[in-house]
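Undergrad: predicted coordinates and the sequence they were generated for:
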Amino acid sequence: MIRTLIALALIWLAGIAVAQDEPQLSVEFETDTVTVGQPVVLRMKVLVPTWMLAPPEFPALDQPGLLIRLPERATSPISETVKGETWSGVQRSYRIYPLQAGSFSLPPANILVTYPKPGETDPTQVKLPLEPVTFTAQVPAGAEELDPLIIAESFTLEQTLDTPNDLHPGDAVTRVLTAQITGTTPIMIPSLTPEFTGDAARAYPEDPVVRDTEERGHLSGSRVEETTYLATGPGTMTLPPVKLDWFNTETNAVETINIGGAEIKVTGTAGPTGKEHWFNWQFGLAIAAIVLIVLAIVRSLTPHLRRAIQSARNRWLESEAYAHRNVLQAIRTRDLGTTYIALSHWRSFYTGASVDKIEVALADIGLSIFSQHTRTASAPSDWSELERAYKVLRKESCRRARARPQNLQPLNPT
């Protein structure tokens, strides 16, 4: 009987010794309640009685509504004394940014550890269970009404406007809004550029550029939005002002940023300009020779004939055929500004013409020219589609004009 009890005691003590030699996992979480947009640190510490044959396999902690980052030197070796023995291990630190208010729970997971047991050299793998980590993200008092919600140590907004001195149809204005934020992720910066409405220009926004930087665990970043406004006709181009409220965690108060808008005059008529030429430059040499001959003849012509020639020339310059030729020339040279001007002048001959398809084609070309990825050129197919749409519209407009009833002569003239 005594021998049996001794044997059971030895088995129990051996079990305790084995359990004491098992790897250990400890978790440290700074607080159960955090502020939206502000970081909280989660630390995991893994210790083994010998040494690790491979880095521990930590779980992915990604979860909607959270930005989880590994700061600089997030993983580092450690050693601690456990019951008089030196154990080695690894510490992993996560920096967690809640992007919205609410309750969060990091799900349970396992950490795979590979090490040799004391007195052995063969690898042993153990899965250490990670219990759920729960916390709540709150909006600080005084910031409950902010929309969008911006909570940071500092927040600035700057604007640059690239505007020609004299803006005419076909010219462009570039507006750049740059926001800088400190103490949180730039993901918290909302859209900066107000929606543009107006008939004097068309807006071509680029994709926002968001960058973050981290220095000694301190996160900051920026958001840059660039928009090009192409003047499409005379009038006033109104760029709306920007107003943003944000919560300063240093002063625990709401502050306001105001960026002024701008009203830019677009001058000039949507007709032929000095940039347009009566004849295509390709015929320049031939025209030069003809002009010399004509000048010699004109000197001998009577004033009446001179006036007739000038009148015929003016009629040509004011004709639909001349406007049509300018449209085709602008499209084929792929000049968007000149195309807008030429189309506007041609439309004055057919005021009731529907230009929906042409507007769609122009918008596609504008996106190609002013977008971030294809700034240098637009696709030839876009210009071909614009030319097809214009030719169809002109053909239909001419047909309707010919079919319009003409003034009839009276049946019984007196």
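TA: Great, that's in hand. Residues are numbered from 1 along each chain as shown.
Undergrad: return the distance of residue 201 relative to residue 171.
TA: Applying C-beta to C-beta, to the nearest Å, the value for residue 201 to residue 171 is 9 Å. Yep, even glycine has a C-beta here, placed from its N, CA and C like the rest.
Undergrad: and for these two, which residues touch both?
TA: Common contacts of residue 201 and residue 171 (C-beta atoms under 8 Å, 6 or more residues apart in numbering): 230, 231, 266.
Undergrad: report the buried members of these.
TA: The neighbour-count test (16 or more other C-beta atoms under 10 Å) marks 230, 231, 266 as buried among the shared contacts of residue 201 and residue 171.
Undergrad: which strands or helices does the longest helix along the chain pack on?
TA: Criterion DSSP state H: the longest helix present in the chain is helix 380-403. Secondary-structure packing of helix 380-403 (3 or more C-beta pairs under 8 Å, 6 or more residues apart in numbering; DSSP states H and E): helix 320-332, helix 336-347, helix 356-370.
Undergrad: tell me the domain boundaries of this structure?
TA: The record assigns the chain these domain ranges, following automatic domain parsing: 22-138, 151-266, 281-286+298-402.
Undergrad: mind checking the end-to-end distance for the longest one?
TA: For domain 22-138, the first-to-last residue distance is 39 Å (C-alpha to C-alpha, to the nearest Å).
Undergrad: show me how far that domain is from its chain's centre.
TA: Remark: domain 22-138 is offset 35 Å from the chain centroid, using C-alpha atoms, centre = their mean, to the nearest Å.
Undergrad: helix or strand right after the lowest-mean-pLDDT helix or strand in the chain?
TA: Lowest on mean pLDDT, DSSP states H and E among the helices and strands of the chain sits helix 2-20, with a mean of 43. Next helix or strand after helix 2-20 toward the C-terminus (DSSP states H and E): strand 24-29.
Undergrad: what does that following strand contact?
TA: Residues contacting strand 24-29 (C-beta under 8 Å, 6+ apart): 40-48, 82, 87, 111, 128-131, 133, 135.
Undergrad: hang on, the earlier thing: could you check which of residue 201 and residue 171 has the larger neighbour count?
TA: Neighbour count, other C-beta atoms under 10 Å: between residue 201 and residue 171, residue 201 has more, with 25 against 19.
Undergrad: tell me what the more buried one is bridged to.
TA: The residues paired with residue 201 through beta bridges, assigned by DSSP bridges, are residue 231.
Undergrad: if I pick it, what's in contact with it?
TA: By C-beta under 8 Å, 6+ apart, the contact list for residue 201 reads 173, 229, 230, 231, 232, 237, 266.
Undergrad: can you do 6 Å?
TA: Residues near residue 201 by C-beta atoms under 6 Å, 6 or more residues apart in numbering: 229, 230, 231, 232, 237.
Undergrad: how about the nearest residue to the fourth one, chain neighbours excluded?
TA: In space, and not counting its chain neighbours, residue 232 is closest to residue 340: 5.1 Å by C-beta to C-beta, 6 or more residues apart in numbering.
Undergrad: does that neighbour touch residue 233 like I think?
TA: No. Using C-beta atoms under 6 Å, residue 340 is not in contact with residue 233, being 7.5 Å away.
Undergrad: need the overlap of contacts for the two.
TA: By C-beta under 6 Å, 6+ apart, the residues touching both residue 340 and residue 233 are residue 169.
Undergrad: neighbour count for those two, which is higher?
TA: Counted by other C-beta under 10 Å, residue 340 and residue 233 do not tie: residue 340 has more neighbours, with 21 against 17.
Undergrad: distance of that one from residue 238?
TA: Distance from residue 340 to residue 238, by C-beta to C-beta: 19 Å.
Undergrad: repeat that for residue 403.
TA: 41 Å.
Undergrad: compare these two and say which is more crowded by neighbours.
TA: A direct count of neighbours by other C-beta under 10 Å for residue 403 and residue 238 places residue 238 higher, at 14 against 7.
Undergrad: hey, what's that one bridged with?
TA: As for beta bridges, residue 238 partners with residue 263 under DSSP bridges.
Undergrad: that one contacts residue 264, doesn't it?
TA: No. Residue 238 is beyond contact range of residue 264, at 7.9 Å (criterion: C-beta under 6 Å).
Undergrad: which residue ranges form the strands in the stretch 101-250 of the chain?
TA: Here the stretch 101-250 of the chain has its strands, by DSSP state E, counting those that start in this stretch, at 102-106, 109-116, 123-130, 133-138, 151-152, 154-162, 172-182, 201-205, 209-215, 218-231, 235-239, 242-248.
Undergrad: would CSV of those with distance to residue 62 and mean pLDDT be doable?
TA: Formatted as CSV, these follow (distance: least, C-beta to C-beta, whole Å; pLDDT from 0 to 100):
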stretch, distance to residue 62, mean pLDDT
strand 102-106, 10, 94
strand 109-116, 12, 95
strand 123-130, 15, 95
strand 133-138, 14, 95
strand 151-152, 22, 96
strand 154-162, 27, 96
strand 172-182, 22, 96
strand 201-205, 30, 93
strand 209-215, 17, 92
strand 218-231, 17, 95
strand 235-239, 39, 91
strand 242-248, 27, 97
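Undergrad: distance to residue 145 for the domains of the chain - can I get that in JSON lines?
TA: Below are the domains of the chain laid out as JSON lines (distance: least, C-beta to C-beta, whole Å):
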{"stretch": "domain 22-138", "distance to residue 145": "13"}
{"stretch": "domain 151-266", "distance to residue 145": "8"}
{"stretch": "domain 281-286+298-402", "distance to residue 145": "35"}
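Undergrad: so who does residue 310 touch?
TA: Counted by C-beta under 6 Å, 6+ apart, residue 310 has zero contacts.
Undergrad: same check on residue 169?
TA: Counting by C-beta under 6 Å, 6+ apart, residue 169 makes contact with 231, 233, 268, 270, 340, 341.
Undergrad: quick one: contacts for the first one?
TA: With C-beta under 6 Å, 6+ apart as the criterion, the residues that contact residue 231 are 167, 169, 171, 201, 266.
Undergrad: so how far is residue 119 from residue 21?
TA: Counting by C-beta to C-beta, the gap from residue 21 to residue 119 is 10 Å.
Undergrad: got it, and residue 137?
TA: 48 Å.
Undergrad: nothing else from me, thank you.
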